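# show me the folded form of this:
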Amino acid sequence: GVTTIGRSAFENCTNLTSITIPNGVTTIGRSAFENCTNLTSVTIPNGVTTIERSAFAGCTNLTSVTIPNGVTTIDQRAFEGCTDLMNITIPDSVTSIGEYAFLGCASLASITIPNGVIVIGNYAFKGCTGLTSITIPNGVTSIGWNAFEGCTGLTSIAIPNSVASIKRSAFAGCTNLTSITIPNGVTTIDQSAFAGCTNLTSITIPDSVTSIGDNAFDGCTGLTNITIPDSVTSIGSYAFSLCTSLTSITIPDGVTSIGNYTFRYCSGLTNITIPNSVTSIGEYAFLGCANLTSIALPDRLTSIGDSAFAGCANLTNVTLPDSITTIGAYAFVNSGLTSVAIPDGATSIGEAAFLACKNLTSITIKNISTDIESDAFLNCTELTDVYYNGTIDQWNANKDPMGMWWGYSLNGYCTVHCTDGDIKKDN
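Sure, this is the predicted structure:
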């Protein structure tokens, strides 16, 4: 008798409406019924152990499937694009759910993953927009890339203790997800894992996590509270970008750098604690944090990246530590700073670093050797005093042959206090 339904045996048989597979069959081959767009029902007998890749992919009118006990593998793309599939029973015999297995099954409302499954494959349930409930058993160790991305009907999910990593974009775009429990076994929250989960309001990251990847919570606009444990040593670029409801955050002691764009446009952020372990703040790290009023920079900080605090309109007070060597271009452009003291160890101040700081009234430059780029203090219209730790001749010696230099925009608009006298503001 027939034991295998071969590769592409009935592929694109668009007039096929139902099929009964005989009892002797053990394998449903690759693409065996792919794109049988009018297939509404199928009976899979108990002897089947393997449903191969794309076996029922694109069967857009298939509404329910019972997978018999005995099947161990649901291969890649097995039911991909079965848009009308509302009900599927996966038996305990299944140990592997392949990549893209149920991708785009938009009508699937709930699913129970059996206890034997160890890995949920990449993209396995991506775009299952009707999915409101899923049970993941203890035993699953890995949730694959994009596994539940775009499951917009999912409101909560419990990740079992056996899971060690939440892979890239695993729950990205789950816009109705309001709560999630991350167990103590997880060590890594990968890139974009929860990006765009706009209704997620709070999350507790367990002590086992050491790394929060790039874009991990990017665009979680409803997130008001997050606890980052001391075990975390790495927070990636864009990790909390556009978390507009986040009001405060404490970065743990093990973190040594704040990545590029990490808190970009966290417009609700009023308070952040940065530990002494941090030595660098990346480009655009706090761009547009308009409600941040003050920040204590750690004593070991050596560099502030380009545009790191640009547009922090209410940031009135920042003390630059003596450890600072580099302040990037546009680092504090359009911020609310009222005074700035450039520390003695600073070697370079980037172009337009303090451009258009409209509330800035005084500047202190402790080291005359600091390389200050053009327009560093341009359009600081309220500036009245510059305290320069050098002579009048040294101040004027900064000019290039054309008489242009970073201080040209200050002469005549404020008083420059040098060690041997003042250069008066023009009346």
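
# can you pull the buried residues of stretch 374-384?
Using 16 or more other Cβ atoms under 10 Å as the test for burial, stretch 374-384 gives 375, 376, 377, 378, 379, 380, 383. In this view, the C-beta of every residue, glycine as well, is placed from N, C-alpha and C.

# can you list those in JSON lines and add secondary structure?
Rendered in JSON lines, the data for those read as follows (DSSP: H, G, I helix; E, B strand; the rest coil):
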{"residue": "375", "secondary structure": "coil"}
{"residue": "376", "secondary structure": "coil"}
{"residue": "377", "secondary structure": "coil"}
{"residue": "378", "secondary structure": "coil"}
{"residue": "379", "secondary structure": "coil"}
{"residue": "380", "secondary structure": "coil"}
{"residue": "383", "secondary structure": "coil"}
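
# identify the farthest-apart pair in those residues.
Maximum pairwise distance among the buried residues of stretch 374-384 (Cβ to Cβ): 13.4 Å, between 375 and 383.

# pull up the overlap in contacts between the two.
Shared contacts of residue 375 and residue 383 (Cβ atoms under 8 Å, 6 or more residues apart in numbering): none.

# secondary structure element for the spatially most central residue of the chain?
What sits nearest the mean C-alpha location of the chain, by Cα atoms, centre = their mean, is residue 215, with 1.4 Å. Assigned by DSSP states H and E, residue 215 belongs to no helix or strand.

# which residues in the stretch 151-300 of the chain form strands?
With DSSP state E, counting those that start in this stretch as the criterion, the stretch 151-300 of the chain has strands at 156-158, 165-166, 179-181, 188-189, 202-204, 211-212, 225-227, 234-235, 248-250, 257-258, 271-273, 280-281, 294-295.

# need the ones you listed in TSV (columns: distance to residue 102, mean pLDDT and mean neighbour count).
As requested, the strands of the stretch 151-300 of the chain are exported to TSV (distance: least, Cβ to Cβ, whole Å; pLDDT from 0 to 100; neighbours: other Cβ atoms under 10 Å):
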stretch	distance to residue 102	mean pLDDT	mean neighbour count
strand 156-158	16	88	16
strand 165-166	19	88	22
strand 179-181	20	85	15
strand 188-189	24	92	22
strand 202-204	26	87	15
strand 211-212	28	94	21
strand 225-227	30	88	15
strand 234-235	33	94	20
strand 248-250	36	92	16
strand 257-258	38	94	22
strand 271-273	41	90	15
strand 280-281	42	97	22
strand 294-295	46	89	16
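
# tabulate these (CSV), appending distance to residue 312.
Formatted as CSV, these follow (distance: least, Cβ to Cβ, whole Å):
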stretch, distance to residue 312
strand 156-158, 35
strand 165-166, 31
strand 179-181, 30
strand 188-189, 27
strand 202-204, 25
strand 211-212, 23
strand 225-227, 20
strand 234-235, 19
strand 248-250, 15
strand 257-258, 14
strand 271-273, 11
strand 280-281, 12
strand 294-295, 9
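
# out of those strands, nearest to residue 115?
Nearest of these (Cβ to Cβ): strand 156-158, 14.8 Å.

# from the contact counts, what lies against that closest one?
Other elements packing on strand 156-158 under the criterion 3 or more Cβ pairs under 8 Å, 6 or more residues apart in numbering; DSSP states H and E are strand 179-181.

# what distance separates the strand it packs on from the centre of its chain?
Distance of strand 179-181 from its chain centroid, counting by Cα atoms, centre = their mean, to the nearest Å, is 17 Å.
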